[in-house]
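Asks: compute the structure for the input listed below.
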Amino acid sequence: AHKAASIFMVFSGQVKLKRLDDVYKILDSGACFGLTNFVQQKASGHFHAQVGDHGAIILEIPREVNELLEDGEGVGSTQAEFFHAVCVLLEREIRDILRQVFSGTWCHAKAEIAGGHVE
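Replies: This next block holds a predicted model:
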């Protein structure tokens, strides 16, 4: 992964997000990073990605994907559906942070997100 206003998805393998020598988060296949930078249209710069010992495949969704998805406006357009998916991913990321910070006060039975119930 390089510094870009993109979403990066871990297709296979494992990726460590690091700042200096400290590991911030370890991401496995299916996880993504760069959502905030994507939404803010800013190149990443706080963390760098390090591929795990056995390699990894990382897919990049560039910010320019917005232009490729222009097939109409409003609810139901491909563009609207894509950004709804981005919002759901952001919400899940925020929820996971809240679970870590306030672990003793999190109510799993009442945890709902847009598009469905939390597993």
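
Asks: rest of the way, CA atoms for contacts and neighbours
Replies: Noted.

Asks: can you list the low-confidence ranges for this structure?
Replies: Flagging of the chain using pLDDT under 70 yields the residue ranges 1-2, 45, 53, 66-76, 105-119.

Asks: again, only using 80
Replies: Low-confidence segments of the chain, defined by pLDDT under 80: 1-5, 36, 39, 43-48, 52-55, 63-87, 89-90, 92-119.

Asks: need the longest helix for it.
Replies: helix 78-101 (DSSP state H).

Asks: what residues of that helix count as buried?
Replies: 78, 79, 80, 86, 87, 88, 89, 90, 92, 95 (16 or more other CA atoms under 10 Å).

Asks: also stretch 12-25?
Replies: For stretch 12-25, by 16+ other CA under 10 Å, it's 12, 13, 14, 15, 16, 17, 18.

Asks: out of the residues you listed, flag the one nearest to residue 35.
Replies: Of all the buried residues of stretch 12-25, residue 35 sits closest to residue 17, with 13.6 Å by CA to CA.

Asks: just give me how far the helix or strand hosting the closest one sits from the chain centre.
Replies: For residue 17, the element it lies in under DSSP states H and E is strand 7-19. When distances are taken as CA atoms, centre = their mean, to the nearest Å, strand 7-19 is centred 10 Å away from the chain's centroid.

Asks: give me phi/psi at residue 41?
Replies: When read as degrees, to the nearest 10, the backbone of residue 41 gives phi 60, psi 40.

Asks: how close does it get to residue 48?
Replies: 18 Å (CA to CA, to the nearest Å).

Asks: ditto for residue 101
Replies: Counting by CA to CA, the gap from residue 101 to residue 48 is 23 Å.
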